[in-house]
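Novice: need a structure here:
(one chain, ligands or ions: 1)
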Amino acid sequence: DGWISLSHMTSDISMFPFKEWLKCQQKAITNHKEELSEIIHPQGPLLLRNTISRIIALSRGVMCEPEQIVIGAGTQLLIKQLMEVQKNKPIIAMEDPGYSRFYTLLKNMDFDVRSLKLDGKGINMKEVESSKANFLFVTPSHQFPTGKIMPISRRIQLLNWSTQTSNRYIVEDDYDSEFKYETDNIPSLQSLDRNQRVIYTGTFSKTMLPGLRVSYMVLPPDMLRKYRQHHADLMQNSNSLALFTLYYFIESGEYAKHIRRMNHHYEMKRKELIKQLELRFEDNVKIEDVPAGLHFLAQFKTYKDYETIEERAKKEKLEIYSMRRFMLTNKYKEEGVIDLIIGFATIKREQIPDTVEKLHCIIN
Ligand SMILES: Cc1ncc(COP(=O)(O)O)c(CN[C@H](CF)CCC(=O)O)c1O
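Specialist: As a prediction, the model looks like this:
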């Protein structure tokens with residue numbers, strides 16, 4: 001259809017090992033007919049939760065028992081189910097710019113959602129303190145969408161904040177933490193938490209396929225008890241066959257191999273795209289060069305406004321999202337520049353020069 005994608009919402013399907021996936025699916029069908037014929041554990045199969053707890057301990061330092069893991073068909077659904085448990089409507093705070101889908105979901109659930117500004121270290125601490133929030137949503141590993149990696153100092157401040165009164169929680173959304181280039185990973189916020197205040201969420205959307213719809217959250221024991229009480233009748237909403245297949249995919253080593261391969265592939269494309277952008281735009285572009293994730297923020301000098309740029313991108317059949325998509329309430333707009341979110345998962349390496357050229361004529 002002639003469209004080129006700089007979307008941050010995709011993963012590179014051309015590299016997905018479907019042959020291996022199908023072998024694992026065959027194993028799942030052969031070995032788990034029993035489970036496939038009945039209602040599985042509401043939190044997802046214990047054998048997959050064992051595997052997930054092992055990999056997030058190794059890769060993210062998350063310390064948890066498999067019993068604390070709840071699997072679900074997407075992070076949004078898990079957040080919805082988690083927040084349904086909260087009595088007396090806690091006040092919620094989240095990053096702005098941030099994840100508009102969570103903001104909309106929580107507003108639609110009639111929560112009082114405060115959108116807090118960022119500073120150089122991530123969510124602004126003074127705003128957190130004055131927000132009177134009980135539930136704080138953050139993306140410390142790779143702030144969504146600016147990409148900032150939250151330093152340990154700010155993480156400690158947040159953890160101290162979470163222990164100041166009894167009913168405070170931090171939801172750590174670790175959505176694309178598996179992709180780090182050059183730098184090594186800072187352990188998760190959850191790994192530093194000694195007071196059972198951090199609810200950790202992860203997803204296979206970025207490392208596998210967004211269409212798989214397999215995500216998970218790790219609940220502290222007291223929250224898990226409340227969750228199980230409230231959702232006693234709720235069934236697992238992920239596809240069981242996909243869950244058992246994923247189990248074999250991980251246990252066979254294919255998952256670790258796939259992540260290594262994708263890390264290398266994405267790092268190469270990211271480097272090339274940044275190089276071409278800087279060549280073409282010279283000092284009319286400023287790249288937030290955080291070596292992580294599947295997108296980066298690029299600030300372009302132009303007096304055109306967001307609507308014009310978005311219109312022209314559509315006309316040029318270039319799928320790209322601007323900062324407008326992520327501004328929750330403070331619609332700031334610096335004079336003479338626009339911020340675009342550049343996703344590099346889907347673009348082919350050979351398409352990069354033309355795409356940069358296309359972007360140049362859209363912006364200038
Ligand atoms: C901040 C953040 N936390 C989690 C997910 C994972 O969600 P799920 O696939 O349901 O597990 C995403 C994935 N982002 C979506 C696809 F990229 C949508 C982006 C947009 O709406 O801008 C995300 O950005």
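Novice: now residue 72: closest residue in space, sequence neighbours ignored.
Specialist: In space, and not counting its chain neighbours, residue 72 is closest to residue 78: 4.1 Å by Cβ to Cβ, 6 or more residues apart in numbering. Glycine gets a C-beta too; all of them are placed from N, C-alpha and C.
Novice: name the nearest residue to residue 110, ignoring sequence neighbours.
Specialist: Per Cβ to Cβ, 6+ apart, closest to residue 110 is residue 89, 7.1 Å.
Novice: apologies, that question was intended for residue 230.
Specialist: Residue 230 sits nearest to residue 85 (Cβ to Cβ, 6+ apart), 4.4 Å away.
Novice: gap between the one you found and the ligand?
Specialist: To the ligand, residue 85 is 19 Å away according to Cβ to the nearest ligand atom, to the nearest Å.
Novice: that residue - how many residues pack around it?
Specialist: By other Cβ atoms under 10 Å, the residues close to residue 85 number 14.
Novice: what residues are up against it?
Specialist: When contacts are counted by Cβ atoms under 8 Å, 6 or more residues apart in numbering, residue 85 touches 223, 226-227, 230-231.
Novice: how about residue 186?
Specialist: Residue 186 touches 140-141, 149-152, counting by Cβ under 8 Å, 6+ apart.
Novice: hmm, try it at 10 Å
Specialist: Contacts for residue 186 (Cβ atoms under 10 Å, 6 or more residues apart in numbering) come out as 60-61, 140-141, 149-152, 155, 177, 180, 192.
Novice: could you dump the contacts of residue 85 into CSV and include neighbour count, pLDDT and secondary structure?
Specialist: Output for the contacts of residue 85, formatted as CSV (neighbours: other Cβ atoms under 10 Å; pLDDT from 0 to 100; DSSP: H, G, I helix; E, B strand; the rest coil):
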residue, neighbour count, pLDDT, secondary structure
223, 19, 98, helix
226, 14, 98, helix
227, 22, 98, helix
230, 15, 98, helix
231, 16, 98, coil
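Novice: number of residues surrounding the residue nearest to residue 297 when sequence neighbours are not counted?
Specialist: Distance criterion Cβ to Cβ, 6+ apart; nearest residue to residue 297, sequence neighbours excluded, is residue 288 at 4.0 Å. Neighbours of residue 288 under the rule other Cβ under 10 Å: 17.
Novice: so how far is the ligand from residue 288?
Specialist: Counting by Cβ to the nearest ligand atom - residue 288 and the ligand are separated by 16 Å.
Novice: any idea how far residue 178 is from that residue?
Specialist: Separation of residue 288 from residue 178 (Cβ to Cβ, to the nearest Å) stands at 20 Å.
Novice: up against the ligand, what does the stretch 201-350 of the chain have?
Specialist: 203, 205, 210, 215, 325 (Cβ under 6 Å from any ligand atom).
Novice: distance from the lengthiest helix in the chain to the middle of the chain?
Specialist: Criterion DSSP state H: the longest helix present in the chain is helix 254-281. Put simply, helix 254-281 sits 18 Å off its chain's centre (Cα atoms, centre = their mean, to the nearest Å).
Novice: give the rounded mean pLDDT of it.
Specialist: The average pLDDT for helix 254-281 rounds to 97.
Novice: I'd like the next helix or strand past that helix.
Specialist: strand 285-287 (DSSP states H and E).
Novice: check which residues of the helix or strand following that next one are buried.
Specialist: Tracing the chain past strand 285-287, the next element assigned as helix or strand by DSSP H and E is strand 295-301. Using 16 or more other Cβ atoms under 10 Å as the test for burial, strand 295-301 gives 295-300.
Novice: would you list the residues you listed in CSV and tack on distance to residue 37?
Specialist: Below are the buried residues of strand 295-301 laid out as CSV (distance: Cβ to Cβ, whole Å):
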residue, distance to residue 37
295, 41
296, 46
297, 48
298, 51
299, 55
300, 56
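Novice: so how far is residue 132 from the residue nearest to residue 138 when sequence neighbours are not counted?
Specialist: In this structure, residue 138 finds its nearest non-sequential neighbour in residue 123, 5.6 Å apart by Cβ to Cβ, 6+ apart. Relative to residue 132, residue 123 is positioned 15 Å away (Cβ to Cβ).
Novice: in terms of neighbours, single out the busier of those two.
Specialist: Legend: neighbour count by other Cβ under 10 Å for residue 123 and residue 132, higher for residue 123 (27 against 10).
Novice: residue contacts, that one?
Specialist: By Cβ under 10 Å, 6+ apart, the contact list for residue 123 reads 93-96, 98, 116-117, 131, 136-140, 143, 148, 150, 154, 157-158.
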